[in-house]
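K.L.:
What follows is a predicted protein model with its sequence.
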Amino acid sequence: MKPLGPIPAGYAAGPDGVLRIGGAPVTALVAQGGTPLFVYDRDRLRARVADLRAAMPARLAVHYAVKANPFAPLLAEMARLVDGFDVASGGELGAALAAGMAAGRVSFAGPGKVDLELAAAIRAGATLHLESAREAERALAIAERQGITPRLAIRVNPDFGLAGSGMKMGGGAKPFGIDAAQVPDLARRIVAAGAAWRGFHIYAGSQALSAPAVIAAQAQTVALAVQLADAAGVDLPHLNLGGGFGIPYFPGDVALDVGAVGAALADTLGALPAATQVCIELGRWLVGEAGVYLTRIVDRKESHGAVFLVADGGLHHQLAASGNFGTVVRRNYPLAIATRFAAEPVEEASVVGCLCTPLDRLADNALFPRAEEGDIVAVFCAGAYGASASPAAFLGHGPAREILI
C-alpha cells in the first residue's frame, strides 16, 4: 500500500458525505457539463493572496507567474488581487493584457524569445527580462526600429541554487539568465543605449518547502543584486526575487512556513536602497491548492487480485499527478473518492485513466472507501501545472472543462 499525499486544509464533506468545493457539492458541479473537470475556488485564491501579504513585508510587491495557470477567468481574478504578472511567452503576454493587467506591470522572462515576441513586449510597454547578451542586442535593435524606449532588465544566473528545490533554476551552467560574472558589462551597455533600465531578476529554484533554504536564497539574492549594481555602476530600480515557494504534494511533505520567510525577508530587504522596488513572483503557491480535478469512475475491475478504478480522465489532463512531470520516483498526489469523502477507507485500489498506456495512473495501490462506477475521484493541488501542462491532445480524448467558482 502506498500512502496518498496530504489533502489541503479546508476541504470537507457536506451532510451527504460528498466533497464540497466553494460550498458546492461536486455532484452539482459535474452535473453542469460532465467530467473531467478542473474546478478553481475563487475564495481560496483571495485568501491565499491575503495570507501572503500578511506574512510578507509591506514593501514587497506580489506578482503572479502566469505559467502556473493561464485559465482566462482565473487570470482576470488574479489581476485584481496581485501587483503584476510574469509571463514566459508571447501567448502569455497577450493573455495577461486581456485579463486587464497593465502592461507596465508585466515582465517577460524565458529563453528563446523570438523577434515577434520581443517586438510585442516592447510595443506594449512590458519589461523584458533578458536571458543573454545576444537577446539584449536584438531587443535594442527592435526598439530602435520601433522608435520606442524599451524597458529592460537582466535575468541573472546566480552562482548559487535553492537548496532542496524541486527544480533548480540557477547555479552552474543553465539556459536561464546571464552568468553573474557577465552581468555588469551588459548592464552598462543597456544603460548607455538609452533603455529604461529595470534592474535584475534572480530566480534560484522552485517547489521548495524549507523555510531556512528559502531565507538563505533570498539573502544571497539581495546581496548579489547589490554587488552587481555596484560593480556595474548603475542604479537598482527593481529587483525580482523570483519565487520558489512549494506546496505539499506527497506523503511526508510539510507546508512552507511563510511567516518565518516573511520575517527574515523584512530584515534582508534592509540591505537594498530605499528606492529599489522589490517583488516576489509566485505561481504554484498562490493557485495550486485552489484547484481540484474531478474525474468519473467508468469501470471497476480486478486483475490478479488487484482493484483498478478506471476513470474518464487521466495523465492527458493531470500529467504531474500521474508521476510523469519531473518526478523520478512515482508517489501519490492528494486524491480522494469525492462522492464518498466522509467514508472510511476499506480497500486498496489504483486509480487509472482512460489512456492506452501503463503510465496513466492517478493513484497507485492506495487505501480508499469502496468505490463503484459513477463515483467521482478528486485530485487535489490541481490549480497549478494541470490543464495547461498536460498533453490534452494525446490519443484524441481532448481537454477537460475548467470553471472558476
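P.N.:
Here it is on my side, so go on.

K.L.:
Please, which helix or strand holds the closest residue to residue 3 other than its chain neighbours?
P.N.:
Closest residue in space to residue 3, ignoring its immediate chain neighbours: residue 251 at 4.1 Å, by Cβ to Cβ, 6 or more residues apart in numbering. Just so you know, the C-beta spots here come from the backbone N, C-alpha and C atoms, and that holds for glycine as well. Element membership for residue 251 (DSSP states H and E) is empty, with no helix or strand holding it.

K.L.:
Could you pull up the contacting residues of residue 251?
P.N.:
Counting by Cβ atoms under 8 Å, 6 or more residues apart in numbering, residue 251 touches 3-6, 331-332.

K.L.:
cutoff 7 Å now
P.N.:
Residue 251 is in contact with 3-5, 331, counting by Cβ atoms under 7 Å, 6 or more residues apart in numbering.

K.L.:
Show me which of the residues you listed are buried.
P.N.:
For the contacts of residue 251, a burial check counting by 16 or more other Cβ atoms under 10 Å picks out 4-5, 331.

K.L.:
Mind jotting down where the helices sit in the stretch 151-300 of the chain?
P.N.:
Remark: helices assigned in the stretch 151-300 of the chain by DSSP state H, counting those that start in this stretch are 183-192, 211-232, 258-268, 284-287.

K.L.:
In the second one, which of the residues would be classed as buried?
P.N.:
Pointing back at helix 211-232 there. 211, 213-222, 224-226, 228-229, 232.

K.L.:
do stretch 348-361 as well
P.N.:
349-355, 360-361.

K.L.:
Which neighbouring elements make contact with the biggest strand by length in the chain?
P.N.:
Counting by DSSP state E, the longest strand found in the chain is strand 291-303. If you count contacts as 3 or more Cβ pairs under 7 Å, 6 or more residues apart in numbering; DSSP states H and E, strand 291-303 packs onto helix 26-31, strand 37-40, strand 306-311, strand 376-379.

K.L.:
contacts for the next helix or strand after the last one?
P.N.:
If you walk from strand 376-379 toward the C-terminus, the next helix or strand you reach (DSSP H and E) is strand 401-404. Contact partners of strand 401-404, identified using Cβ under 7 Å, 6+ apart, comprise 33, 37-40, 42, 71, 73-74, 77, 387.

K.L.:
Which PyMOL command selects the buried ones in those residues?
P.N.:
Applying 16+ other Cβ under 10 Å to these, the buried members can be selected in PyMOL as follows:
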select buried, resi 37+38+39+40+71+74+77+387
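
K.L.:
domain ranges for the chain?
P.N.:
Domains of the chain are assigned by automatic domain parsing as 12-40+289-404, 70-282.

K.L.:
what's the distance between the closest residue to residue 48 other than its chain neighbours and residue 280?
P.N.:
Spatial nearest neighbour of residue 48, excluding adjacent residues (Cβ to Cβ, 6+ apart): residue 286 at 5.4 Å. Separation of residue 286 from residue 280 (Cβ to Cβ, to the nearest Å) stands at 10 Å.
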